[in-house]
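Sequence and predicted model, in that order:
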Amino acid sequence: MDESKKYEKALNVYNVLLATLDDMKWTYEKNDKELTVTYTVTGEDIPMTFYMIVDLGLQAVRCFSFLPVTFPEDRRVDGVIASCAAGSGLYEGKFFCSLQDGRIVFNSASSFMGCEVNGHWFAAMMGLAHRMVDEQNDRFLMLSKGMITLQDFMTKK
């Protein structure tokens, strides 16, 4: 697919994303030049900010969210192991803990090559991301603060 067709497809997907958010009556910030959207939703207890990127080169939508958790340097290895454990079994998406700064991020991506994207496609992608972050943020926070052990994190879902 040539670059102009890739851009046309990505722009169409971006417009579907905006229309989906508008239909849901959500507030968001957009960057039409970069084909990105940022929005915040509140889960069970804390606001969660999500970034959606329509990636022209990959022909995919990437979604990520930084959890409001930072592991101190002496607990970062636990954070890395926990992020792997939390992501095991997910059919889409993963958690990542940085050894450099101790931050946790949830990241997922879905290709739109060869498919028609609609509001249901975005709702499913966003719903999964929201649920994963909301379900795991408290566990990561408790582990980072030493309120639970890595073993507790690994055995309790």
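Now that the structure is in, tell me what you want to look at.

Let me know how buried the closest residue to residue 11 other than its chain neighbours is, in neighbour terms.
Nearest-residue entry for residue 11: residue 35, 7.2 Å, with adjacent residues in sequence omitted and distances by C-beta to C-beta, 6 or more residues apart in numbering. Glycine gets a C-beta too; all of them are placed from N, C-alpha and C. The number of residues packed near residue 35 is 21, by other C-beta atoms under 10 Å.

Who are the packing partners of the lengthiest helix in the chain?
In the chain, assigned by DSSP state H, the helix with the most residues is helix 119-144. Taking 3 or more C-beta pairs under 8 Å, 6 or more residues apart in numbering; DSSP states H and E as the contact definition, the neighbouring helices and strands of helix 119-144 are helix 3-23, strand 47-55, strand 60-70, helix 76-87, strand 94-97, strand 103-111, helix 150-155.

Adding mean neighbour count, distance to residue 132 and mean pLDDT, write these out as CSV.
As requested, the helices and strands packed on helix 119-144 are arranged in CSV below (neighbours: other C-beta atoms under 10 Å; distance: least, C-beta to C-beta, whole Å; pLDDT from 0 to 100):
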stretch, mean neighbour count, distance to residue 132, mean pLDDT
helix 3-23, 15, 19, 94
strand 47-55, 18, 10, 94
strand 60-70, 19, 9, 94
helix 76-87, 18, 8, 94
strand 94-97, 20, 8, 94
strand 103-111, 18, 6, 95
helix 150-155, 13, 15, 93
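
got the angle for the longest helix of the chain vs strand 60-70?
Regarding helix 119-144 and strand 60-70, their directions subtend 20 degrees when assessed with axes from the mean of the first three to the mean of the last three C-alpha atoms, to 10 degrees.

average pLDDT for helix 119-144?
For helix 119-144, the per-residue pLDDT values average out at 91.

Only the buried residues of that helix, if you could.
Within helix 119-144, the residues scored as buried using 16 or more other C-beta atoms under 10 Å are 121-122, 125-126, 128-130, 132-134, 136-141, 143-144.

Please state the offset of stretch 65-80 from the chain centre?
16 Å (C-alpha atoms, centre = their mean, to the nearest Å).

quick revisit: let me see the backbone angles for the residue nearest to residue 11.
Geometry field for residue 35 lists phi and psi as phi 60, psi 50, criterion degrees, to the nearest 10.

just the one 4 residues further on next, same as before
Main-chain dihedrals, residue 39, degrees, to the nearest 10: phi -150, psi 160.
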